[in-house]
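> fold the following.
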Amino acid sequence: MKECPNTTKNMFFISAISVSETGQYLLLNVVLLMYLMTVLGNIIIALLVCLVSNLHTPMYFFLSNLAISDIIFVSATLPKLLSILLTQDNWMSFSACMTQVYFFSLSGSCDIFLLTSMSYDRYVAICKPLQYSLLMSKDTYISLALSSWLISVSNATINALSASLLSYCLTQNVDHFFCDQKALYAITSSDVRSRYILMLCQDVLLASFPFLLIMTSYVFIISTILKIHSSEGRLKACSSCTSHLTTVILFYGPVIILYGKPESEGSKELDKQLTLLYMAVVPMLNPFVYSLRNKDILNAIRNIKRKWNLILIKSFFSR
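Here you go, the predicted model:
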């Protein structure tokens with residue numbers, strides 16, 4: 001907590017990432033490319049799941065929700081970073097900052113719950129295949145997805161309100177490339193001990209516990225796969241959950257490194273780079289993880305392409 005008699009809630013100065021002038025242009029191009037690829041790739045995944053009847057299954061329903069969440073995730077933070085790199089305007093209004101806090105919390109939490117729901121789907125599909133249609137009925141997987149969004153909305157609302165009710169010093173230099181909660185708590189003149197306790201509870205209930213559930217489900221999945229006698233059956237079972245497990249590792253890996261390492265003044269730039277890694281790179285890779293080796297997705301893309309070509313040919317000859 002900082003002592004400062006004069007407080008304001010008008011503007012925040014976002015310090016962004018410290019790089020040379022040449023590095024700024026390079027970072028601008030890289031972040032812009034990642035952002036466009038993330039949005040385009042996830043829109044394609046979401047549209048494919050909606051348009052192709054073969055993809056109307058629980059796993060792909062969760063995947064389409066994850067794609068929408070990832071679009072929100074990157075759109076909440078990366079456009080402002082791009083604006084800073086392009087215009088050198090590091091100022092952000094109070095309302096825009098709180099909006100970032102809200103949508104970052106919303107999509108981050110939703111990603112975790114959706115990944116947990118997907119792990120349950122894989123557990124049922126491999127460990128209880130005969131009961132799959134009963135345990136993963138339409139009502140069940142829609143309820144799981146809806147619960148993921150509702151809990152995330154509630155969590156995001158709490159975080160945004162918690163940050164907005166604080167008083168901030170006139171020197172409002174947010175040492176990050178977006179309005180991160182911890183960075184905001186570092187510059188407030190209010191007592192934030194209760195906020196840190198709340199963050200700890202959120203980390204346990206909304207991140208650590210779901211991760212434990214995911215790992216537990218994979219313990220049962222691996223145990224079941226090892227009991228399968230045929231190598232073809234083991235390979236088929238493994239391939240059905242490889243994409244999801246890869247996404248879990250990509251999402252949780254940087255987060256565990258970021259929050260597990262000791263904090264120091266010299267590690268702040270490294271923290272920003274790790275945050276950028278899981279904020280930009282992971283959502284960008286998700287569509288590739290689920291499409292490059294996924295026959296259902298690849299077949300859906302081919303079918304859509306074939307239908308589109310037929311429409312173009314018909315329109316050409318009808319002229």
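
> let me see the backbone angles for Cys179.
Dihedral pair for Cys179: phi -80, psi 80, per degrees, to the nearest 10.

> repeat for the one 10 residues further on
Ser189 has phi and psi values of phi -100, psi 0 when expressed as degrees, to the nearest 10.

> next, count neighbours for it.
Ser189 has 17 neighbouring residues, counting by other C-beta atoms under 10 Å. For the C-beta atoms, the positions are set from N, CA and C on the backbone; glycine is no exception.

> do you know how far Ser83 is from Lys236?
Distance, Ser83 to Lys236, by C-beta to C-beta, to the nearest Å: 47 Å.

> compare those two (neighbour count), which wins?
Shown here are Ser83 and Lys236; by other C-beta under 10 Å, Ser83 has more neighbours (16 against 13).

> nearest residue to that one in space, please, no chain neighbours.
Using C-beta to C-beta, 6 or more residues apart in numbering and skipping the chain neighbours, the partner closest in space to Ser83 is Asp89 (6.6 Å).

> that neighbour sits in which helix or strand?
Here Asp89, judged by DSSP states H and E, is contained in no helix and no strand.

> pLDDT at it, what is it?
Asp89 carries a pLDDT value of 89.

> hang on, it packs against Leu82?
No - using C-beta atoms under 8 Å, Asp89 is not in contact with Leu82; the gap is 11.4 Å.

> out of those two, which sits in the busier spot?
Leu82 (16 against 10).

> which residues in the protein form helices?
For the chain, the helices defined by DSSP state H occupy 21-51, 58-75, 78-87, 94-127, 132-135, 138-164, 181-185, 193-203, 209-227, 231-260, 268-276, 282-291, 295-317.

> check which residues of the longest one are buried.
Of the residues in helix 94-127, 94, 97-98, 100-127 count as buried by neighbour count, 16 or more other C-beta atoms under 10 Å.

> for burial, what's the neighbour tally of Asn155?
Around Asn155 there are 20 residues (other C-beta under 10 Å).

> brain fart, Asn29
Neighbour count of Asn29, defined by other C-beta under 10 Å: 12.

> repeat for Ala237
21.

> what's the answer for the one 4 residues further on, then?
Counted by other C-beta under 10 Å, the residues lying close to Cys241 total 23.

> just the one 3 residues further on next, same as before
The number of residues packed near His244 is 23, by other C-beta under 10 Å.

> that one reaches Ser117, doesn't it?
No - using C-beta under 8 Å as the test, His244 is too far from Ser117 to be in contact (10.4 Å).

> could you list the low-pLDDT ranges of the stretch 101-250 of the chain?
170-171 (pLDDT under 70).

> let's see it at 90
Residue ranges of the stretch 101-250 of the chain with pLDDT under 90: 166-176, 180-196, 199-208, 226-247, 249-250.

> for His56, give me its contacts.
Val49 (C-beta atoms under 8 Å, 6 or more residues apart in numbering).

> can you check Tyr196 too?
Tyr185.

> same thing with the one 10 residues further on?
Shown in contact with Leu206 (C-beta under 8 Å, 6+ apart): Ser109, Ile112, Ile151, Asn155.

> what is the nearest of the residues you listed to Thr77?
Among the contacts of Leu206, Ser109 lies closest to Thr77 (C-beta to C-beta), at 14.9 Å.

> contacts only, for the closest residue to the closest one other than its chain neighbours.
Spatially, and ignoring its direct neighbours in sequence, Ser109 is nearest to Ser152 (3.9 Å; C-beta to C-beta, 6+ apart). Contacts for Ser152 (C-beta under 8 Å, 6+ apart) come out as Ser105, Leu106, Ser107, Ser109, Cys110, Phe113.
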